[in-house]
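Undergrad: structure here, sequence nowhere to be found:
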């Protein structure tokens with residue numbers, strides 16, 4: 001970390017390499033980066049602008065005022081996996097896995113072995129020397145699976161010559177098996193031995209999986225959710241598809257577990273469905289459509305004939321109660337317990353939102369293809385203004401309040417009890433390409449990865465300043481004691 005570095009110093013920060021601070025060659029700097037340094041960000045294509053997205057330099061509720069650029073990848077970085085409280089693994093299209101120290105920005109280990117892009121990655125607990133250790137499972141377009149030890153950098157296990165590329169991985173809790181999904185569902189033991197697999201599926205394949213109670217698995221395949229039963233009590237383990245849930249009208253793009261009793265799915269045409277995790281019945285169905293009203297800055301949400309533009313649910317996130325959906329370039333917050341809309345914003349970014357997260361403090365973070373990372377706060381909506389009274393005061397205006405309308409007209413909102421607003425409180429500008437995802441390390445900061453081949457560690461500037469001061473005082477005490 002460069003001492004005293006802040007978000008206002010992002011011009012210098014973008015030229016830092018993180019651990020070795022080597023500058024980028026000026027000729028390799030993307031043209032868009034210059035625009036961002038000067039305070040603006042160009043939209044990718046024609047997009048609708050909203051004044052609510054112009055937050056400016058003063059962001060008192062945004063604690064991420066320092067950043068550190070982590071450089072090491074040579075292609076798009078698509079995956080981030082937390083290993084422990086201070087280590088993070090990154091992977092992407094260059095086929096490498098890099099392990100980082102989040103606090104220092106040091107690149108600890110390079111895991112090389114895949115010959116093509118990595119398509120999935122997850123953490124995994126394995127036994128070494130009689131003790132549990134956290135490892136990494138990676139899948140690649142080279143049709144191999146690998147188990148890595150991030151402590152030593154060694155590849156512990158590998159499986160090659162798969163029938164198809166793996167698109168998703170799932171480690172089951174309380175069971176000594178893990179799953180890979182692609183054109184078929186495979187069940188693997190902890191020593192990477194294939195236990196069983198499902199029959200060959202159609203070309204769409206399995207794109208996402210979640211664990212359900214009683215050894216059931218929900219897998220997204222095109223427009224369907226397939227329920228698989230994993231039989232562990234038999235002499236030979238088996239997995240069998242027992243139910244096809246065909247309630248989506250378009251391709252399923254996101255699948256998450258909300259709680260022990262609920263899971264959710266989102267589709268390309270804006271359908272958000274909440275499912276019972278035990279009997280697989282629909283508990284709630286939301287068809288998210290934005291309808292513009294003349295003169296209104298905030299659109300309505302309605303149910304009706306779907307529009308093809310900006311409706312796709314790209315990502316879902318949850319804290320067990322609220323579900324945040326990335327819908328086109330907007331955000332939609334839904335209470336899964338009360339089955340009600342909490343808040344929404346059609347234009348949250350200038351392009352599609354790729355990843356979202358709910359923080360412990362109730363804030364929402366989102367990142368987009370436009371290269372931005374934004375922090376949102378759920379706020380109560382203001383009460384409607386009272387009508388001007390009639391009579392004498394009505395003719396000349398009321399005391400303490402101007403009779404003229406100031407600012408933008410009031411937004412027309414849905415008549416939903418308890419509806420709140422998503423207000424922008426932080427805009428993290430640093431990447432020059434689409435931000436694929438991020439990982440939160442609590443007070444240690446936030447890490448983002450992007451199509452610009454970079455990772456950025458965003459830090460709480462006040463905390464970092466205190467840590468530097470503490471380290472300086474300790475150094476001075478040591479010198480006085482000599």
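TA: Great, that's in hand. Note that this is a predicted model, so its numbers are computed, not measured.

Undergrad: now the residue most central in space within the chain: how far from residue 448?
TA: The centroid of the chain falls nearest to residue 355 when counting by CA atoms, centre = their mean (3.0 Å). Here residue 355 is placed at a distance of 9 Å from residue 448 (CB to CB, to the nearest Å). Placement of C-beta: from N, CA and C, glycine included.

Undergrad: residue 230 now?
TA: 35 Å.

Undergrad: circling back to that earlier point, now the residue nearest to the centre of the chain. Nearest residue, chain neighbours left out?
TA: residue 437 (4.1 Å; CB to CB, 6 or more residues apart in numbering).

Undergrad: now the protein, which segments are flagged as low pLDDT?
TA: Residues of the chain meeting the criterion pLDDT under 70: 1-54, 200-203, 234, 290-309, 383-417, 481-482.

Undergrad: quick one: the helices in it?
TA: 10-13, 31-37, 392-396, 461-481 (DSSP state H).

Undergrad: you'd agree the residue nearest to residue 355 is up against residue 447?
TA: No: contact criterion CB atoms under 8 Å: residue 437 and residue 447 do not qualify, at 9.4 Å.

Undergrad: quick one: which of the two has more around it?
TA: Taking neighbours as other CB atoms under 10 Å, residue 437 and residue 447 compare with residue 447 leading, 23 against 19.

Undergrad: now do the same contact list for that one.
TA: The contact partners of residue 447, taken as CB atoms under 8 Å, 6 or more residues apart in numbering, are 70, 80, 88, 100, 102, 438, 439, 441, 455, 456, 457, 458.

Undergrad: now the third one, nearest residue through space, not along the chain?
TA: Excluding the flanking residues, the one nearest residue 88 by CB to CB, 6+ apart is residue 100, at 4.9 Å.

Undergrad: go on, residue 223?
TA: Nearest to residue 223 is residue 248, by CB to CB, 6+ apart, at 4.9 Å.

Undergrad: so the closest residue to residue 442 other than its chain neighbours versus residue 443, what's the distance?
TA: Closest residue to residue 442 apart from its sequence neighbours, by CB to CB, 6+ apart: residue 360 at 7.8 Å. Going from residue 360 to residue 443 by CB to CB gives 11 Å.

Undergrad: do the same with residue 78
TA: Note on residue 78: its distance to residue 443, by CB to CB, is 26 Å.

Undergrad: got it, and residue 164?
TA: 42 Å.

Undergrad: how about residue 467?
TA: Taken as CB to CB, the span from residue 467 to residue 443 is 11 Å.

Undergrad: returning to that earlier point: so the residue nearest to residue 88 sits against residue 107, correct?
TA: Yes: distance between residue 100 and residue 107: 5.8 Å, which falls inside the contact criterion (CB under 8 Å).

Undergrad: who's more crowded, the two?
TA: Taking neighbours as other CB under 10 Å, residue 100 and residue 107 compare with residue 100 leading, 25 against 18.

Undergrad: ok now do residue 88, which residues does it touch?
TA: By CB under 8 Å, 6+ apart, the contact list for residue 88 reads 80, 81, 82, 99, 100, 102, 439, 441, 447.

Undergrad: what about 6 Å?
TA: The neighbours of residue 88, taking CB atoms under 6 Å, 6 or more residues apart in numbering as the test, are 82, 100, 102, 447.

Undergrad: my guess is the first one meets residue 441, correct?
TA: This points to residue 82. No: here residue 82 lies out of contact with residue 441, judged by CB atoms under 6 Å, at a distance of 7.2 Å.

Undergrad: quick one: buried residues of stretch 85-105?
TA: Neighbour counts over stretch 85-105 (16 or more other CB atoms under 10 Å) mark 87-100, 102-103, 105 as buried.

Undergrad: strands - which of those residues land there?
TA: 87, 88, 89, 90, 91, 92, 97, 98, 99, 100 (DSSP state E).

Undergrad: the spatially closest residue to residue 358 that is not a sequence neighbour: neighbour count?
TA: Distances taken as CB to CB, 6+ apart place residue 319 nearest to residue 358, at 4.4 Å, with adjacent residues excluded. Residue neighbour count, defined by other CB under 10 Å, stands at 14 for residue 319.

Undergrad: from residue 378, how far off is residue 319?
TA: Distance from residue 319 to residue 378, by CB to CB: 12 Å.

Undergrad: repeat for residue 73
TA: 34 Å.

Undergrad: now do residue 198
TA: Counting by CB to CB - residue 198 and residue 378 are separated by 41 Å.

Undergrad: before we move on, back to that, neighbour-wise, which of residue 73 and residue 378 wins?
TA: residue 73 (23 against 16).

Undergrad: wait, that one sits on residue 94?
TA: Yes: shown here, residue 73 and residue 94 form a contact pair, counting by CB under 6 Å, at 5.5 Å.

Undergrad: more neighbours: which of residue 78 and residue 443?
TA: Using other CB under 10 Å as the criterion, residue 78 and residue 443 rank with residue 78 on top: 22 against 9.

Undergrad: contacting residues around that one?
TA: With CB under 6 Å, 6+ apart, residue 78 has these contacts: 92, 436.

Undergrad: again, 10 Å this time
TA: Shown in contact with residue 78 (CB atoms under 10 Å, 6 or more residues apart in numbering): 90-93, 117-121, 354, 434, 436-437, 449-451.

Undergrad: which ones among the residues you listed map onto strands?
TA: Counting by DSSP E, these contribute 90, 91, 92, 118, 119, 120, 121, 354, 436, 437, 449, 450 to strands.

Undergrad: from residue 98, how far off is the first one?
TA: In this case it means residue 90. 5 Å.

Undergrad: which residues do those two both contact?
TA: 70, 72, 73, 77, 107, 455.

Undergrad: give me every residue that touches residue 348.
TA: Residue 348 neighbours (CB under 10 Å, 6+ apart): 50, 52-53, 326-332, 356, 364, 366, 368, 372, 374, 376, 422, 424.

Undergrad: can you tell me which of the residues you listed are buried?
TA: Buried among those by 16+ other CB under 10 Å: 52-53, 326-332, 356, 364, 366, 368, 372, 374, 376, 422, 424.

Undergrad: can you mark which positions in stretch 338-355 are buried?
TA: For stretch 338-355, by 16+ other CB under 10 Å, it's 341-355.

Undergrad: ok, now stretch 67-75?
TA: Buried, per 16+ other CB under 10 Å, within stretch 67-75: 67, 68, 69, 70, 71, 72, 73.

Undergrad: list the contacts of residue 363.
TA: With CB under 10 Å, 6+ apart, residue 363 has these contacts: 61, 62, 357, 375, 376, 377, 378, 425, 426.

Undergrad: the same query, at a cut-off of 8 Å, please.
TA: 375, 376, 377, 378, 425.

Undergrad: nearest to residue 209, out of these: which one, please.
TA: Nearest to residue 209 among the contacts of residue 363 is residue 376, at 28.7 Å by CB to CB.

Undergrad: how close does the closest residue to that closest one other than its chain neighbours sit to residue 310?
TA: Sequence neighbours aside, residue 364 is the residue nearest to residue 376 in space, at 4.2 Å (criterion: CB to CB, 6+ apart). Look at residue 364 and residue 310: by CB to CB, they are 19 Å apart.

Undergrad: and residue 64, what does it touch?
TA: Going by CB under 8 Å, 6+ apart, residue 64 touches 7, 375, 426, 428, 445, 446, 458, 459, 460, 461.

Undergrad: what's the fifth one in contact with, if anything?
TA: The reference is to residue 445. 64, 102, 457, 458, 459, 460.
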